[in-house]
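Undergrad: Structure for the following, please:
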Amino acid sequence: MSELSETKEKIFDTFVEMASTLGYENVTTRDIAKKIGINAASIYHHFKSKEKILEFAYEYYSIYQYDNRKSVDEMKKIVETASAEGIINAFFYSFLSEDQRKYVRMVLITKIIYMRLFQDPLANSVFTSGNASNSEYVVSIFKHGIDVGRIDSSFDMETFADVIIGAITMMGIKAFSGAEYEVGQLEQEERIRALLARLLSTALT
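TA: Model (predicted):
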């Protein structure tokens, strides 16, 4: 990913702010330029088109989406000793960061991805790739739990991984697909986590 110059950064941040609120189709390069206070033609020195700004946003998301996710080694230690609730909670992570600008970008780009999920092949590709990575991550951790004898060997880790990823996905779609977003997302989240923990507790030895 190319570095962000001051002007390119302003263009990018203004785009994700407007596209996540108004919808990608309702934002033009002229709108972006007007909000920044630059000539519309100058945008094309940094991005060849509005579509390229969107692609840049997807690339940014793909690079940074797992920055706050616990490493596999950290999760393996957790699955060896933690309660079912502790294990489930450890799988959930947010974009919260000391870098507030990065945090805001990740939230807004997530909104754009979910808003465009069923109409934009690139958004769908980013989403699908992320889910596949998450599934592999969860399965590898449960496999470790089985290998060390913490989780019963009959535990269907692939199916349960799909359940976890599916729950996270559905919560994400509901939280991010609209124009409004609040940190903490959904009231149902705690209930869903508790249900997943109860299911996992039946497999812990």
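
Undergrad: What segments of the protein are strands?
TA: Here the chain has no strands by DSSP state E.

Undergrad: The chain: helices as residue ranges?
TA: With helices called from DSSP state H, the chain shows them at 6-22, 29-36, 40-43, 50-64, 72-81, 84-91, 100-115, 121-147, 157-176, 189-201.

Undergrad: how far away is the residue nearest to residue 91 when sequence neighbours are not counted from residue 130?
TA: Excluding the flanking residues, the one nearest residue 91 by C-beta to C-beta, 6 or more residues apart in numbering is residue 164, at 6.0 Å. Yep, even glycine has a C-beta here, placed from its N, CA and C like the rest. Applying C-beta to C-beta, to the nearest Å, the value for residue 164 to residue 130 is 14 Å.

Undergrad: more neighbours, the two?
TA: residue 164 (22 against 18; other C-beta atoms under 10 Å).

Undergrad: Test my guess that the more buried one contacts residue 195.
TA: No. Using C-beta atoms under 8 Å as the test, residue 164 is too far from residue 195 to be in contact (10.9 Å).

Undergrad: Phi and psi next, for the residue nearest to residue 152 when sequence neighbours are not counted.
TA: Spatial nearest neighbour of residue 152, excluding adjacent residues (C-beta to C-beta, 6+ apart): residue 203 at 4.8 Å. Main-chain torsions, residue 203, degrees, to the nearest 10: phi -100, psi -10.

Undergrad: Tell me how far residue 203 lies from residue 195.
TA: Residue 203 is 14 Å from residue 195, by C-beta to C-beta.

Undergrad: In terms of neighbours, single out the busier of those two.
TA: Between residue 203 and residue 195, counting by other C-beta under 10 Å, residue 203 is the more crowded of the two (19 against 14).

Undergrad: center of this structure - which residue?
TA: residue 65 (5.5 Å; C-alpha atoms, centre = their mean).

Undergrad: Mind giving me the packing neighbours of the lowest-mean-pLDDT helix or strand in the chain?
TA: Least confident helix or strand, the chain: helix 157-176 with a mean of 83, by mean pLDDT, DSSP states H and E. On a contact count with 3 or more C-beta pairs under 8 Å, 6 or more residues apart in numbering; DSSP states H and E, helix 157-176 meets helix 84-91, helix 100-115, helix 121-147, helix 189-201.
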